[in-house]
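1. what follows is a protein structure lacking sequence information:
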């Protein structure tokens, strides 16, 4: 695997160990490469696992013409030559220069004459999600990766980042539907994988769902007296679940895009409080009208309308604030899936419903 | 707005109308630019709305040294000089050449000597989502945009595509939670916007939810006889909704990533049929055991177990196949939100439940 041609070898041994390691890594097959990067200690989902050494580095004391010659020589293998990196004798990254700037500079000038020593770099131990944010913020095609001492280790390119971002988003979407991330595509996932990634969440939610059964059982007499109370259980709990799903989804995505964090919880609280009241009143009135014209029973309509206002408001606040709370405690807000929100607000929603019913209908029990 | 300096103007009038238009467009403010592009007839979400003219074009009969001089002169304003475009006298795109190839070629050679006339381009009328797929497939930093006659109009760069992709994904995620796409960030959306984007779906789902009420009302006597049947309504319909949400989410994301289309519906059917049976049996057995040990009633446990197997299987197939069906008819599969799936499988799930209960418990009515 590590057979090098003699020319390459001479070049290699002029370089520092970091760069040498990278060059050797690039000769491995993809699976061997992953193994080797693990051994080198870069954690999973770290920038270190993404980087390649397909870049061109130059020295500050070189003339522009020597630098361009070096680009001509080594740029053939480089993935990105738009940006050239300047390193010192110990391979510390000290600047990045656009190839176009090199071309536009008189060839007899020195590299250091056009250096501004301003550059953006990533650490090999940084999380890949942070790398996505940095590369987006600076609109770069590639970013250099350095170790803790600032030694240039490699580059990360935007096309690799695109793939990673797609994976991360897919994982978040799957978590949002109570699926453990598949990690492979749907079509290549076999039945055993699909079953395993889905069954544990479903079982957990099933167990959580028994809480709803206990709530209804506790109001057994209310149902025996007014059996129509049972008719509206699905639509009440679904509406609660739908409302909570909406606010949770909005907040989780805003957190993922860096638009929101825990410090802004009070503004989310205020927003979702008011939106929840407005939605609750709209839906409550619709529900009252619909059930009033269906049953003709004024009082049941009032029970349903009031319950729905309270359930919608409650579900909306739970959905909006729970992801922020998880984020606050360093947990992944994306696990607040719509099924989980639904299960969480079901039992409490039913309590609200039966308390309102007991209060207004005053059935025996 | 259209004040040009004299040098620029000379250059401009040597060019074709298409390119001239692009140059003029780039002098407008972002909002004026959107207005102008609308007037030019590029539909919303088309590639035409994304493109800029920050590229460098050269002619086939130029020498490499003239081409490089042109790059030096015009490349300062260009966003991307990694790829240089070759156009004929009518500004038809005929090739793309890497700047690095230009640099590596002897300066006295002609551009046409190094042309391979192979290039990837986008049409200005293409959908932006397709552009994302193309740019990912070819791992490009930028792609040229041509009109129907192959005239080079501008370029689309990967950083613009990244932003668009983020927006598209956010829209899909919002649709998946029954929210009309916000089109702005959560924090900048005011209460009126949030209310409007959420209330219509909630109202529609509320109305849909009345179907469940009708189903339960039809089995009023069954509940009067065995009131315990009402206890398990939430957990049964939630489990159906959860299962359908899982399969729908997997299939919708696979469609969005181009991993799946309608032609593969039968493989999805087979997969979700088997996974549905396995999940149904696992959950059905768990449900049987839980309710048996709770109530001690064997027969009710059997009713719940059998109902759950059937509901899970049914919901799983609906969730898996409905997005494909929508895609088949040219509709957006992302509107199959988890709330919509839940509402859809609620009424049918309740029918299954009460039929099984009527069959096994044989309550009067």
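-> Everything's here; your move. Quantities reported herein were computed from a predicted structural model and do not represent experimental measurements.
2. contacting residues around residue A:205?
-> By CB atoms under 8 Å, 6 or more residues apart in numbering or on different chains, residue A:205 lies in contact with A:178, A:339-340, A:343, B:238-239, B:242. The way it works is simple: take the backbone N, C-alpha and C, and place the C-beta from them, glycine included.
3. give me the element it is part of.
-> helix A:191-218 (DSSP states H and E).
4. quick one: distance of that helix to the chain centre.
-> Helix A:191-218 has its C-alpha centroid displaced from the chain centroid by 25 Å (CA atoms, centre = their mean, to the nearest Å).
5. how about the strands of chain A, start to end?
-> Secondary structure of chain A (DSSP state E): strands at A:57-58, A:83-87, A:93-98, A:122-123, A:142-146, A:152-157.
6. list the contacts of the fourth one.
-> Residues from elsewhere that reach strand A:122-123, judged by CB under 8 Å, 6+ apart: A:47, A:130-131, A:134, A:143-148, A:156.
7. include neighbour count when you put those residues into CSV, please.
-> Shown next, in CSV, are those (neighbours: other CB atoms under 10 Å in any protein chain shown):
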residue, neighbour count
A:47, 27
A:130, 14
A:131, 24
A:134, 17
A:143, 23
A:144, 22
A:145, 29
A:146, 20
A:147, 16
A:148, 8
A:156, 28
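8. Serialize these to JSON lines and add fields for distance to chain B.
-> What follows is the contacts of strand A:122-123, written out as JSON lines (distance: CB to the nearest CB, whole Å):
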{"residue": "A:47", "distance to chain B": "17"}
{"residue": "A:130", "distance to chain B": "16"}
{"residue": "A:131", "distance to chain B": "13"}
{"residue": "A:134", "distance to chain B": "13"}
{"residue": "A:143", "distance to chain B": "13"}
{"residue": "A:144", "distance to chain B": "17"}
{"residue": "A:145", "distance to chain B": "19"}
{"residue": "A:146", "distance to chain B": "23"}
{"residue": "A:147", "distance to chain B": "27"}
{"residue": "A:148", "distance to chain B": "29"}
{"residue": "A:156", "distance to chain B": "14"}
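9. in CSV, list these along with pLDDT.
-> Formatted as CSV, those follow (pLDDT from 0 to 100):
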residue, pLDDT
A:47, 87
A:130, 82
A:131, 83
A:134, 84
A:143, 89
A:144, 91
A:145, 90
A:146, 89
A:147, 85
A:148, 83
A:156, 87
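10. which parts of the stretch 51-200 of chain A sit against chain B?
-> With CB under 8 Å from any CB of the partner chain as the criterion, the stretch 51-200 of chain A meets chain B at residues A:68, A:71-72, A:75-76, A:80-82, A:99-100, A:103-104, A:136, A:139, A:141, A:158-159, A:162-163, A:165-166, A:169-170, A:173-174, A:176-179, A:182, A:185-187, A:191, A:194-195, A:198-199.
11. got the buried residues for stretch A:58-77?
-> Going by neighbour count (16 or more other CB atoms under 10 Å in any protein chain shown), the buried part of stretch A:58-77 is A:58-60, A:62-64, A:67-68, A:70-71, A:74-75.
12. off-centre distance for that stretch?
-> Averaging C-alpha positions (CA atoms, centre = their mean) puts stretch A:58-77 39 Å from its chain's average.
13. next one: stretch A:182-193
-> Distance, centroid of stretch A:182-193 to centroid of chain: 20 Å (CA atoms, centre = their mean).
14. state the distance from the residue of the stretch 1-150 of chain A found nearest chain B to residue B:185.
-> Across the stretch 1-150 of chain A, no residue is closer to chain B than residue A:139, which sits at 4.4 Å (CB to the nearest CB). Noted for residue A:139: a distance of 19 Å to residue B:185, by CB to CB, to the nearest Å.
15. what's the answer for residue A:48, then?
-> Applying CB to CB to residue A:48 and residue B:185 gives a distance of 31 Å.
16. cool, and residue A:122?
-> Distance from residue A:122 to residue B:185, counting by CB to CB: 25 Å.
17. select only the buried ones of the residues of the stretch 51-200 of chain A next to chain B in PyMOL?
-> Those of these that count as buried under 16+ other CB under 10 Å are selected in PyMOL with:
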select buried, chain A and resi 68+71+75+80+81+82+99+100+103+136+141+158+159+162+165+166+169+170+173+174+176+177+178+179+182+186+194+195+198+199
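18. got the contact list for residue A:333?
-> Going by CB under 8 Å, 6+ apart, residue A:333 touches A:251-252, A:255-256, A:323-324, A:326-327.
19. would you turn those residues into JSON lines with pLDDT, neighbour count and distance to chain B?
-> As requested, the contacts of residue A:333 are exported to JSON lines (pLDDT from 0 to 100; neighbours: other CB atoms under 10 Å in any protein chain shown; distance: CB to the nearest CB, whole Å):
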{"residue": "A:251", "pLDDT": "93", "neighbour count": "26", "distance to chain B": "7"}
{"residue": "A:252", "pLDDT": "92", "neighbour count": "29", "distance to chain B": "8"}
{"residue": "A:255", "pLDDT": "89", "neighbour count": "20", "distance to chain B": "9"}
{"residue": "A:256", "pLDDT": "86", "neighbour count": "21", "distance to chain B": "9"}
{"residue": "A:323", "pLDDT": "93", "neighbour count": "30", "distance to chain B": "11"}
{"residue": "A:324", "pLDDT": "93", "neighbour count": "22", "distance to chain B": "12"}
{"residue": "A:326", "pLDDT": "90", "neighbour count": "18", "distance to chain B": "17"}
{"residue": "A:327", "pLDDT": "89", "neighbour count": "20", "distance to chain B": "14"}
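20. looking at those, which are in helices?
-> Secondary structure assignment by DSSP state H places A:251-252, A:255-256, A:323-324, A:326-327 of those in helices.
21. go through these and name the one nearest residue B:331.
-> Set against residue B:331, the nearest of the ones in helices among the contacts of residue A:333 by CB to CB is residue A:252 (25.8 Å).
22. please look at that closest one and residue A:338 and confirm they touch.
-> No. Using CB atoms under 8 Å, residue A:252 makes no contact with residue A:338, being 10.1 Å away.
23. list the contacts for residue A:112?
-> Counted by CB under 8 Å, 6+ apart, residue A:112 has contacts A:60-61.
24. ok, it to residue A:152 distance?
-> Remark: distance between residue A:112 and residue A:152 (CB to CB) = 17 Å.
25. contacts only, for residue A:176.
-> Counted by CB under 8 Å, 6+ apart, residue A:176 has contacts A:249, A:252, A:334, A:337-338, B:173, B:176-177, B:249.
26. nearest to residue B:265, out of those: which one, please.
-> Minimum separation from residue B:265 among those (CB to CB) is found for residue B:249, which lies at 17.1 Å.
27. so who does the nearest residue to that closest one once chain neighbours are set aside touch?
-> Spatially, and ignoring its direct neighbours in sequence, residue B:249 is nearest to residue A:177 (3.5 Å; CB to CB, 6 or more residues apart in numbering or on different chains). Counting by CB under 8 Å, 6+ apart, residue A:177 touches A:337-339, B:176, B:245-246, B:248-250, B:338.
28. so which of the residues you listed sit within helices?
-> Using DSSP H to define helices, the subset of the contacts of residue A:177 located there is A:338-339, B:176, B:245-246, B:248-250, B:338.
29. so who does residue A:146 touch?
-> Residues in contact with residue A:146, defined by CB under 8 Å, 6+ apart, are A:92-93, A:121-124, A:152-153.
30. out of those residues, which end up buried?
-> By neighbour count, with 16+ other CB under 10 Å, the contacts of residue A:146 hold A:93, A:121-124, A:152-153 as buried.
31. could I get those residues in TSV, plus columns for pLDDT?
-> Formatted as TSV, the buried ones among the contacts of residue A:146 follow (pLDDT from 0 to 100):
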residue	pLDDT
A:93	93
A:121	91
A:122	91
A:123	90
A:124	88
A:152	88
A:153	85
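32. adding distance to residue B:108, write those residues out as TSV.
-> Output for these, formatted as TSV (distance: CB to CB, whole Å):
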residue	distance to residue B:108
A:93	37
A:121	40
A:122	42
A:123	46
A:124	44
A:152	36
A:153	40
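33. and of the residues you listed, the nearest to residue A:302?
-> Set against residue A:302, the nearest of these by CB to CB is residue A:122 (60.2 Å).
34. alright, I will stop here.
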